[in-house]
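> attaching a predicted model along with its sequence, questions to come.
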Protein chains: 2
Amino acid sequence: MYGNISIEKASQRKTMPDLAQNLGFGRHFTDHMFIMDYTEGRGWHDPRIVPYGPISHDPAAMIFHYGQAVFEGMKAFRTVSGEIALFRPEQNAKRLQRSSERLSIPTIDEAFVVEAIRTLVSLDKIWVPAKKGSSLYIRPFVIATEAMLGVRPSAQYSFIVIMSPVDAYYEEGLHPVNILVESYYARAVLGGTGNAKVAGNYAGSLKAQTLAKEHDCAQVLWLDAIEKKYLEEVGSMNVFFKIGGEVVTPSLSGSILDGITRSSIIHLLRNWGIPVTERKVSIDEIVQAHADGTLEEAYGTGTAAVVSPIGSLLWNGNRMEINGGQTGELVERLYLEITGIQEGTRPDQFGWLTYCE
Amino acid sequence: MYGNISIEKASQRKTMPDLAQNLGFGRHFTDHMFIMDYTEGRGWHDPRIVPYGPISHDPAAMIFHYGQAVFEGMKAFRTVSGEIALFRPEQNAKRLQRSSERLSIPTIDEAFVVEAIRTLVSLDKIWVPAKKGSSLYIRPFVIATEAMLGVRPSAQYSFIVIMSPVDAYYEEGLHPVNILVESYYARAVLGGTGNAKVAGNYAGSLKAQTLAKEHDCAQVLWLDAIEKKYLEEVGSMNVFFKIGGEVVTPSLSGSILDGITRSSIIHLLRNWGIPVTERKVSIDEIVQAHADGTLEEAYGTGTAAVVSPIGSLLWNGNRMEINGGQTGELVERLYLEITGIQEGTRPDQFGWLTYCE
Ligand SMILES: Cc1ncc(COP(=O)(O)O)c(C=O)c1O
Ligand SMILES: Cc1ncc(COP(=O)(O)O)c(C=O)c1O
């Protein structure tokens, strides 16, 4: 489609960290990376795998000035039978297209993105850790590279994929975390870039995240920027609540990310016959449900953590404990099901896995 | 403060473009650039001027993923007496600090920033064009450079200054442009990053800008993201209206940039005894003023263009012509005054110029 993927192998492999030990998140990178360039008039070209190493740009390259950059986050797993599987990679490829659209970045064929990733993972497969809960985190990203200071879409881009063996994101594992409901800072607004996975969304969220830490909270739960009333999402996760036996999650309002874990969870819940509704969820409703004792569980969902139970919400100076600060039954069941599918101990009944090699 | 600025001169100067000819904007760069690094625990260090050239980063450097980047835009002018002057550089240095704060980037001493720029401009002074309206555009920026994929403030940064000889930004000069009032896309929202000069704000605006071009408009005039009612700013400019003899400009609501040209213009108008008010300005008010014939002038203000008269506003499919599509008297007077101060043909009565060397 964009030409064959050429492969230049590293002359020697890196010294690998012990994949069964503390890998952390996004600290170690594999031997190779994928790169493909875009030039106006010529389109995407020169797909290649090269040794992992520094990339060089003119200091006027637009990425350094105007934030024209989108990315994805996905994982490869070593299943119990030793195969290597990607989890719903076509969904990431689709979202990369949608994010690119939003930032006026030329899109890349979805099937090609998956193929590029499969090729790279296969080449660096010894980096896929086998330890339970660990995985190879895959970071595809596109950056604007034209060296020009005017504010307009870049005429040149690079699409790059790097990979990092990782432990579970939340070092505490499935331990509930405290979350701060943020009332001043906003992550996104309707008409903005909140429903795309674009670089600038994350920079803007750091300040609130620091405030959360100061309040002994792991993350921020964002409210909608317009009415400061409806829940949006948590840090890099979508959010779910179980209230009076029913599961609810904020609908895709236009300012939250369409999480792939979120969609998988909705699918599983429906499949299990557990009622789940996507709709506006107000903070007042959560406060009320907490007061009535009908707020049974709350959790975030995302590729990095899979699910992350919420032990308490801090809102307006009040800490609302959820499920006695314990991991709930449903979130645990979801965790076991999804990680089970990923590690190959439960049947992949929805065809969510794509194998490498 | 951060150590002496070391200077490594380019072994040979670049072939310069003809500074009296079409320079465009942000296409040519001078012989040198300034760099200083930040490392957590050590602070800002190693300020240096080096030959202009590519910068190299790990592909996991945070700038490529999370948009943690702020910048400034300012100009050096060759005055009629041959001296080289910066226009209110301490204001840019202050705003760089405020922008950095918003993105959890460690700030840099204001006086040091000005000194670094003066040193760089002095070294590359042959690049400051002399042609009327042209100048040396200066782009200080800070980028997150730590190679780590977690979403948190980077532990490493680079502060870089590059410079580009430029013509007037709008090739048409003081010719009025058409502007599209944008009703769907949002640039910023209260609690977001709109009042900081951060990379991500610009990427998010490209899509609307493309729409504007399709409607034969040069730029977008943003409405507030909450009520879609109040005017914010235009592309990379603040906006002013003259209505029934009075000048109004949107107040610094928290989601618009505190433009240095804006502040200079307010200062000049007050000095001239022309009433000017910073307040909420609704699109309905503009439509009404246009209908009653009291909308006398409209213009954008910013470093790149100084002022840019608005010939018409396109709103809800209706094109409202302003001042018969001609450059107004007041905007022309402001343009002559500011460019006069910058080129040294009018007295610098407010001490806005800082000389280099
Ligand atoms: C802002 C945001 N929300 C939600 C998610 C969850 O999406 P996914 O389940 O696709 O990982 C992510 C990312 O990973 C995110 O960055
Ligand atoms: C969004 C935005 N608004 C307004 C301005 C005008 O600011 P200044 O007059 O300081 O150049 C700029 C930048 O230059 C800008 O980027």
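Now that the structure is in, tell me what you want to look at. Since the structure is predicted, the reported quantities are computational estimates derived from the model, not experimental observations. Numbers count the residues shown, from 1 in each chain, chains lettered A, B, ... in the order given. Ligands and ions are numbered 1, 2, ... in the order given.
> could you use CA atoms for every contact and neighbour count after this?
Fine.
> what about residue A:35, how many residues close to it?
Residue A:35: 22 surrounding residues under other Cα atoms under 10 Å in any protein chain shown.
> tell me the SS of it?
Here residue A:35 is recorded as strand under DSSP: H, G, I helix; E, B strand; the rest coil.
> show the pLDDT at the nearest residue to it once chain neighbours are set aside.
Residue nearest to residue A:35 in three dimensions, not counting chain neighbours: residue A:160, with 4.5 Å by Cα to Cα, 6 or more residues apart in numbering or on different chains. pLDDT for residue A:160: 98.
> helix or strand: which one has residue A:160?
Element membership for residue A:160 (DSSP states H and E) is strand A:156-166.
> is the very next helix or strand once past that strand anywhere near chain B?
Later in the chain than strand A:156-166, the nearest helix or strand by DSSP H and E is strand A:177-182. No: residues of strand A:177-182 contacting chain B under Cα under 8 Å from any Cα of the partner chain: none, with a closest distance of 10.2 Å.
> would you tell me what the next helix or strand after strand A:177-182 is?
helix A:199-203.
> quick check: buried residues in the very next helix or strand once past that following helix?
Next helix or strand after helix A:199-203 toward the C-terminus (DSSP H and E): helix A:206-214. In terms of neighbour count (16 or more other Cα atoms under 10 Å in any protein chain shown), helix A:206-214 has its buried residues at A:206, A:207, A:208, A:209, A:210, A:211, A:212.
> what about the fifth one, distance to residue B:162?
Between residue A:210 and residue B:162 the distance is 31 Å, computed by Cα to Cα, to the nearest Å.
> and for the first one?
Using Cα to Cα, one gets 27 Å for the distance from residue A:206 to residue B:162.
> in stretch A:67-83, what counts as buried?
Residues of stretch A:67-83 classed as buried: A:67-79 (neighbour count, 16+ other Cα under 10 Å).
> burial count for residue A:224?
Using other Cα under 10 Å, residue A:224 has 22 neighbouring residues.
> in this structure residue A:261 contacts residue A:304, no?
No: counting by Cα atoms under 8 Å, residue A:261 sits too far from residue A:304 to count as a contact (9.6 Å).
> related to what we said a few turns ago, which ones among the buried residues of stretch A:67-83 map onto strands?
Under the assignment DSSP state E, the buried residues of stretch A:67-83 contribute A:69, A:70, A:71, A:74, A:75, A:76, A:77, A:78 to strands.
> now render these as a markdown table, adding distance to chain B and pLDDT.
As requested, these are exported to a markdown table (distance: Cα to the nearest Cα, whole Å; pLDDT from 0 to 100):
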| residue | distance to chain B | pLDDT |
| --- | --- | --- |
| A:69 | 7 | 98 |
| A:70 | 7 | 98 |
| A:71 | 7 | 98 |
| A:74 | 13 | 98 |
| A:75 | 14 | 98 |
| A:76 | 16 | 98 |
| A:77 | 19 | 97 |
| A:78 | 21 | 96 |
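> quick check: residue A:101 is in a helix.
Yes: counting by three-state DSSP, residue A:101 is located in a helix.
> using PDB, write out every CA atom in stretch A:143-155.
Taking Å, rounded to 0.1, in the frame of the first residue of the first chain, the C-alpha atoms of stretch A:143-155 are listed here in PDB:
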ATOM      1  CA  ILE A 143       4.200  14.100  14.600                       C
ATOM      2  CA  ALA A 144       4.300  17.100  12.300                       C
ATOM      3  CA  THR A 145       7.900  17.500  11.100                       C
ATOM      4  CA  GLU A 146       7.800  20.400   8.600                       C
ATOM      5  CA  ALA A 147      10.300  23.200   9.600                       C
ATOM      6  CA  MET A 148       8.100  26.300   9.300                       C
ATOM      7  CA  LEU A 149       6.700  28.600  11.900                       C
ATOM      8  CA  GLY A 150       3.400  29.500  10.400                       C
ATOM      9  CA  VAL A 151       0.200  28.200  12.100                       C
ATOM     10  CA  ARG A 152      -1.200  25.800   9.400                       C
ATOM     11  CA  PRO A 153      -1.200  22.000   8.900                       C
ATOM     12  CA  SER A 154       2.300  20.700   8.400                       C
ATOM     13  CA  ALA A 155       3.200  19.400   5.000                       C
END
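> hmm, it touching chain B?
Yes: Stretch A:143-155 reaches chain B (Cα under 8 Å from any Cα) through A:143, A:147, A:148, A:149, A:150, A:151, A:152, A:153.
> show the pLDDT at the residue lying farthest from the centre of chain A.
In terms of distance from the mean C-alpha position of chain A, residue A:292 ranks first, at 33.4 Å (Cα atoms, centre = their mean). Residue A:292 carries a pLDDT value of 97.
> look up how far residue A:310 lies from it.
Separation of residue A:292 from residue A:310 (Cα to Cα): 18 Å.
> buried stuff in stretch A:273-280?
By neighbour count on 16+ other Cα under 10 Å, the buried set for stretch A:273-280 is A:276, A:280.
> quick one: terminal-to-terminal distance for that stretch?
Using Cα to Cα, the span of stretch A:273-280 from its first residue to its last is 22 Å.
> stretch A:23-39 too?
With Cα to Cα as the measure, stretch A:23-39 spans 37 Å from end to end.
> and it, how far out from the chain's middle?
Chain-centre distance of stretch A:23-39: 16 Å, with Cα atoms, centre = their mean, to the nearest Å.
> same question for stretch A:280-298.
Centroid separation between stretch A:280-298 and its chain, computed with Cα atoms, centre = their mean, is 26 Å.
> residue A:192 contacts residue A:255, doesn't it?
Yes: the criterion here is Cα under 8 Å, and residue A:192 meets it with residue A:255 at 7.0 Å.
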